[in-house]
Structures are given as structure tokens and as C-alpha cells.
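>>> can you look at this prediction? I've put the sequence above it.
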Amino acid sequence: MSSFELLVFAILSICIAVAPVFCGEYQAGTDAVVLAGRFGKTKLITAKIAASFLFGLLAFTLHVVVACGLPLMAFGADGWNLPVQIANTTIPYPFTFLQAALVSIGVIYLIFLVLDAFSMRAILYAMLTVIMIPFAKRGFQEHQVAG
């Protein structure tokens, strides 16, 4: 549990790998051909997002298995039913080491999914559009015509 923060590097590397998922067509100049197809704007985008999340989940799960598997192989699983207060007496939660590890893994998976979603352009831009529309409306309403 003390090394779960190192999984942040795995999250960042996966997000960097997933970020250009929508850039390839624009860089190669094939975006007009791909997006003009029958399923270019619907199923292609959905498939790219699904593939990115699947790749990210599989890669991150591999990192989590290695991060949890190495200490289990080295120290064994005998102590996972012990209270987590053995490691630090100021921990107020009545968890065992196994429960604390599972909660930590759940939280880091949520962090991974959020950062993975933010790194793909379509989701980020859709969210920014929804957030910025009220500001654009207010700015247009306050606009004064020179006269």
C-alpha cells in the first residue's frame, strides 16, 4: 500500500499513449475520407473511445498486478487479515490490509478512468463546450455595438 502512489506514473504514461487517438487522421490528411464514410462519425468514434479505454484498462491492470503481485510473492499473504493500524497507529479506519489495499486500488482505478477520459480529445472538448457556452452567451449579450 505504501507504493500505490507510484502507479501515478503508469496512469500518466497510459494517458500520454491514449491522447493522440483522434490525431492520426488529421495528421495524415485522411480525416475527410474516414469521417465521410457511413460509420465514420458514429461507430468509428465510439470504437476508438472503447479501444482506448480497453487498452488503458488492460495496461493499467497489468501495472496493478505487478505492483501487488511482487510484494505478495516476496512477503506472502499471511498478514492481509491484520489490522492496518499495525503500519501506522493514527489510521482511523477499521480496515485490514487486504481491505485497505482493495479500497486503494478502487480509488486509483477511478483516478485512472477520469484522467484517461480527460486525455482523449472528444470528451474533453465536449465538456469544455458545455462549460463555455454560458460564458459565450453572457459575453455576446454584454457586447455593445459601436455607433
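Yep, that arrived.
>>> for the rest of this, base every contact and every neighbour count on C-alpha atoms.
Will do.
>>> helices of this structure, start to end?
For the chain, helices defined by DSSP state H occupy the ranges 7-18, 24-28, 31-36, 43-75, 97-119, 121-141.
>>> now those as CSV including distance to Asn88 and mean pLDDT?
As requested, the helices of the chain are arranged in CSV below (distance: least, Cα to Cα, whole Å; pLDDT from 0 to 100):
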stretch, distance to Asn88, mean pLDDT
helix 7-18, 22, 84
helix 24-28, 49, 69
helix 31-36, 55, 68
helix 43-75, 18, 84
helix 97-119, 12, 84
helix 121-141, 39, 72
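>>> right, so of those helices, which gets closest to Pro83?
Set against Pro83 and scored by Cα to Cα, those come closest in helix 97-119, at 6.1 Å.
>>> that older thread, of the helices of the chain, which approaches Leu82 most closely?
Here helix 97-119 is closest among the helices of the chain (Cα to Cα), at 6.1 Å.
>>> could you dump the closest one to PDB, C-alpha only?
The C-alpha trace of helix 97-119 is given here as PDB (Å, rounded to 0.1, in the frame of the first residue of the first chain):
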ATOM      1  CA  PHE A  97      -4.500  -4.800   5.000                       C
ATOM      2  CA  LEU A  98      -6.500  -6.500   2.300                       C
ATOM      3  CA  GLN A  99      -9.500  -4.200   2.600                       C
ATOM      4  CA  ALA A 100      -7.200  -1.100   2.600                       C
ATOM      5  CA  ALA A 101      -5.400  -2.400  -0.500                       C
ATOM      6  CA  LEU A 102      -8.700  -3.100  -2.300                       C
ATOM      7  CA  VAL A 103     -10.000   0.400  -1.400                       C
ATOM      8  CA  SER A 104      -6.800   2.000  -2.600                       C
ATOM      9  CA  ILE A 105      -6.900   0.000  -5.900                       C
ATOM     10  CA  GLY A 106     -10.500   1.100  -6.400                       C
ATOM     11  CA  VAL A 107      -9.700   4.700  -5.800                       C
ATOM     12  CA  ILE A 108      -6.700   4.600  -8.100                       C
ATOM     13  CA  TYR A 109      -8.800   3.000 -10.900                       C
ATOM     14  CA  LEU A 110     -11.300   5.800 -10.600                       C
ATOM     15  CA  ILE A 111      -8.500   8.300 -10.900                       C
ATOM     16  CA  PHE A 112      -7.200   6.500 -13.900                       C
ATOM     17  CA  LEU A 113     -10.600   6.400 -15.700                       C
ATOM     18  CA  VAL A 114     -11.100  10.100 -15.100                       C
ATOM     19  CA  LEU A 115      -7.600  11.100 -16.300                       C
ATOM     20  CA  ASP A 116      -8.000   8.700 -19.300                       C
ATOM     21  CA  ALA A 117     -11.300  10.300 -20.200                       C
ATOM     22  CA  PHE A 118      -9.700  13.800 -20.000                       C
ATOM     23  CA  SER A 119      -6.800  12.900 -22.100                       C
END
